[in-house]
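Novice: kindly return the folded structure for what I paste below:
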Amino acid sequence: MLKKKKFWLIMVVVLALAGAGWWFLGRDDNSQDAEQPAYRYQLVERGSIISTLEGVGAVQPVNSYTVKALVTGDVLSAPFEEGDMIEAGQLLYQIDAGKAQNTYTIAQLNLREAESAAEKLLVCAPAAGQVVKIHCEPGDSVNVGSQLVYLRDRSTLLLEVPFAAAELGALQAGQPAEVVADKTGERISGVVREISPVEQVSAGGVLTHKVKIALANPGGLQEGDWAAAEIGGLTSVRSGLLEYAYSEQVLAKTGGDVAEILVAEGDEVRAGQALVRLTSEDTESSLQRARIELDNAREALEDYKITSPIAGTVIEKKFEQGDTIDSNNNASEMAVIYDMSRLEFVMNVDELDIGLMKVGQPVKVVADALGGQEFAGYVSKISIKGNSSNGVTSYPITVTLEDFGALLPGMNINAEVVLQQAEDVLLAPMNAVSRGNMLLVEGSDGEPSELPGFCWRQVELGMNDDYYVEVISGLEEGEKIAIANGGQQ
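Specialist: Residues are numbered from 1 along each chain as shown. A predicted model of the protein is given here:
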């Protein structure tokens, strides 16, 4: 019994000594950790620094278009396929126009009628002549058939006289003739214009044919004067009355108001010259309405001919020749076209960095889907419309890639933009900088610090990356700085 008690006493002492040794050793290790230096030191050196901005996005074509139908009907033709390269304006679909074509044709006819009616408002001379009488004044209202202007041509006279039927064989159109004025006996050269085939009985029972002669008016003759004629030695049976070759009452061909008289009495006018201008609200309104109706009909007809608004590649073709576009699928997607000449993506930039962005800035693009292949892009657009979330505002920028290799629309990419870059500048670790741009620098040129041999010195800082900051002034190359342990270099 005594031996057992002695054995247990020895075991207790051994365990106590072991516990004390473990505690002592453990305390020494902890003491070593506690004695780790509070600062580490580094000499100031020169180097390069690059400030970059990273972002992600999904590339898309620079331009895309979804073709939609605005009408219903059968697809008469669809001369393209998926994957085709097409030009802007190229025909994609021709839809059966049906009633729209008829409406357009009717609108064309209505416009022609309205234009014809409007043309009648401008009254023109049917032939050359002299204005003898104007029958209207500005402001007058006229109807169809109203006399407006009396015209006549005094330069040419006509004489119709009878020649004996027995002499008919010696006469022919175009033959020279001489006209003898009864009043003065003056002889004027003329030409046979027409010989009547109708035989008539003249006074004294002589059978005759009327012969019409044209002659230039020497100036002294006028309509109503009497004259005889001689042709190839033959003389007319009797004299006839001279008349002007042309005289006409110009009549209104449509109703309206006289807006303007464009000639004066005594004026010589040419054929087609404007004489009087009429106005008519009904006629002019009809013309305007007909033009609008034709424009609307033309636009409606154009909707049945669907062309591509852009040059690009057909990504999807959803309707084929023979398909029908009805009210259930009207305005649905017919095809999708991508302009694959360039790709672009949008990435968001923090408000603190947006001021460093500029159009044309180079961007490095990495595509994980292509095994990390790199591409070069550039900033093509910077939006000034920011998006705010949780108190932070970001601005979208657009990056364009002109050489994109095997990149396809929808692929995700990583982008890196160089914001700032500097070479051969003084560098200090970011975690060495204290509030107020202060550094712990060896020496006494500064404010006292708790670290013996070091003082606080204020410096001017420039650009930075995730690890280092540029020191513009306040520090020299080779000076030693202290960095509190626990920070990350």
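Novice: quick check: end-to-end length of stretch 297-312?
Specialist: 30 Å (C-alpha to C-alpha, to the nearest Å).
Novice: buried residues, that stretch. List them.
Specialist: 297, 300-301, 304, 306, 308, 310-312 (16 or more other C-beta atoms under 10 Å). Every residue, glycine included, has its C-beta placed from N, CA and C.
Novice: for stretch 224-232, same thing?
Specialist: Going by 16+ other C-beta under 10 Å, stretch 224-232 has these buried residues: 225, 227-229, 231.
Novice: next: stretch 40-51.
Specialist: 44, 49, 51.
Novice: ditto for stretch 68-82
Specialist: Buried residues in stretch 68-82 (16+ other C-beta under 10 Å): 69, 71-73, 75, 78, 80.
Novice: shaky segments in the stretch 301-450 of the chain?
Specialist: Within the stretch 301-450 of the chain, the segments meeting pLDDT under 70 span 328-331.
Novice: mind doing that once more with 80?
Specialist: 327-332 (pLDDT under 80).
Novice: next step: the buried residues of stretch 297-312 restricted to strands.
Specialist: Among the buried residues of stretch 297-312, the members falling in strands (DSSP state E) are 306, 312.
Novice: take the buried residues of stretch 68-82 and write them to CSV, including pLDDT.
Specialist: Converted to CSV, the buried residues of stretch 68-82 look like this (pLDDT from 0 to 100):
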residue, pLDDT
Ala69, 88
Val71, 89
Thr72, 88
Gly73, 90
Val75, 94
Ala78, 94
Phe80, 95
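Novice: inside strands: which ones of the buried residues of stretch 40-51?
Specialist: Per DSSP E, the buried residues of stretch 40-51 map to strands at 49, 51.
Novice: as CSV, the buried residues of stretch 297-312 with distance to Phe319 would be great.
Specialist: Formatted as CSV, the buried residues of stretch 297-312 follow (distance: C-beta to C-beta, whole Å):
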residue, distance to Phe319
Ala297, 25
Ala300, 20
Leu301, 19
Tyr304, 13
Ile306, 10
Ser308, 14
Ile310, 19
Ala311, 21
Gly312, 18
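Novice: follow-up on the earlier one: looking at the buried residues of stretch 40-51, which one is closest to Leu275?
Specialist: Ser51 (83.9 Å; C-beta to C-beta).
Novice: if we can go back for a sec, any idea which of the buried residues of stretch 297-312 is the one closest to Ala252?
Specialist: Ala297 (31.9 Å).
Novice: so where do the strands sit in the stretch 101-250 of the chain?
Specialist: Here the stretch 101-250 of the chain has its strands, by DSSP state E, counting those that start in this stretch, at 122-124, 129-134, 141-142, 147-164, 176-181, 187-195, 200-201, 207-216, 226-231, 234-235, 240-251.
Novice: of those strands, which is nearest Asp350?
Specialist: Among these, strand 122-124 sits nearest to Asp350 (C-beta to C-beta), with 71.2 Å.
Novice: please identify the buried residues of that closest one?
Specialist: 123-124.
Novice: what comes into contact with that strand?
Specialist: For strand 122-124, contacts defined as C-beta atoms under 8 Å, 6 or more residues apart in numbering pick out 148-149, 250, 252-253, 272-278.
Novice: circling back: kindly reformat the strands of the stretch 101-250 of the chain as TSV containing distance to Leu419 and mean pLDDT.
Specialist: As requested, these are exported to TSV (distance: least, C-beta to C-beta, whole Å; pLDDT from 0 to 100):
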stretch	distance to Leu419	mean pLDDT
strand 122-124	72	97
strand 129-134	85	94
strand 141-142	81	96
strand 147-164	83	94
strand 176-181	104	96
strand 187-195	98	96
strand 200-201	113	92
strand 207-216	96	96
strand 226-231	108	96
strand 234-235	114	95
strand 240-251	84	93
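Novice: rebuild the ones you listed as CSV, extending it with distance to Leu287.
Specialist: Shown next, in CSV, are those (distance: least, C-beta to C-beta, whole Å):
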stretch, distance to Leu287
strand 122-124, 13
strand 129-134, 27
strand 141-142, 19
strand 147-164, 21
strand 176-181, 50
strand 187-195, 42
strand 200-201, 51
strand 207-216, 42
strand 226-231, 50
strand 234-235, 58
strand 240-251, 22
